[in-house]
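Novice: below are the sequence and a predicted model for it; my questions follow.
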Amino acid sequence: MIYVDADACPVKAEVEAVATRHGTAVAMVSNGGLRPSGNPLVEMVYVTEGPDEADKWIAERCGAGDVVITSDIPLASKAVSAGACVLKPNGEVLTERNVGQALATRDLMSDLRAADPFRQGGGKPFGKADRARFRDALERVVRQAKGS
């Protein structure tokens, strides 16, 4: 199963294409507002509004052999602990080895932003190279999860 933290996910179409190629079920989890997919492998899961409701839903269900797509580092940490393979939309794989560092970096950056309310900017734009890197990484982890 592929679980997608779908509200702000920029690679939903890539997930659906790879899942279709491999015959893998997908749960697109969001607070609503997403257009339903006609793909029978894709289940649209709408959770109640509120902070982290989609994350909680995914964390309660994912486990070994599953793939979780998210940019949310606390969710990634829970999913890794549950045995799932976690992939960020830029193709970065989060594992037991690096999720702790990612969580610490996230917390540090949050503290820095809170200390300087005039801080401008954000992340770099999401581009074609990021999509390609994600597609390649998802192909690899889906094949590994299927044992082929």
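Specialist: That came in fine, so what should we check first?
Novice: every contact and neighbour count from this point should use C-alpha atoms.
Specialist: Noted.
Novice: pull the residues that contact whichever helix in the chain runs longest.
Specialist: In the chain, assigned by DSSP state H, the helix with the most residues is helix 128-146. Residues from elsewhere that reach helix 128-146 (C-alpha atoms under 8 Å, 6 or more residues apart in numbering): 11, 14-15, 18, 22, 65-67, 85, 87-93.
Novice: with stretch 83-90 instead?
Specialist: 9-11, 62-71, 76, 79-80, 93-95, 126, 130-131, 133-134, 137-138, 141.
Novice: change it to 6 Å
Specialist: With C-alpha atoms under 6 Å, 6 or more residues apart in numbering as the test, stretch 83-90 has contacts from 63-71, 93-94, 130, 134.
Novice: how about JSON lines for those residues, with distance to Trp57, neighbour count and pLDDT added?
Specialist: Rendered in JSON lines, the data for the contacts of stretch 83-90 read as follows (distance: C-alpha to C-alpha, whole Å; neighbours: other C-alpha atoms under 10 Å; pLDDT from 0 to 100):
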{"residue": "Gly63", "distance to Trp57": "12", "neighbour count": "19", "pLDDT": "94"}
{"residue": "Ala64", "distance to Trp57": "16", "neighbour count": "14", "pLDDT": "93"}
{"residue": "Gly65", "distance to Trp57": "17", "neighbour count": "18", "pLDDT": "91"}
{"residue": "Asp66", "distance to Trp57": "14", "neighbour count": "21", "pLDDT": "95"}
{"residue": "Val67", "distance to Trp57": "14", "neighbour count": "24", "pLDDT": "96"}
{"residue": "Val68", "distance to Trp57": "12", "neighbour count": "27", "pLDDT": "96"}
{"residue": "Ile69", "distance to Trp57": "13", "neighbour count": "27", "pLDDT": "97"}
{"residue": "Thr70", "distance to Trp57": "13", "neighbour count": "24", "pLDDT": "94"}
{"residue": "Ser71", "distance to Trp57": "15", "neighbour count": "19", "pLDDT": "87"}
{"residue": "Val93", "distance to Trp57": "21", "neighbour count": "18", "pLDDT": "89"}
{"residue": "Leu94", "distance to Trp57": "19", "neighbour count": "23", "pLDDT": "88"}
{"residue": "Asp130", "distance to Trp57": "27", "neighbour count": "16", "pLDDT": "90"}
{"residue": "Phe134", "distance to Trp57": "23", "neighbour count": "23", "pLDDT": "95"}
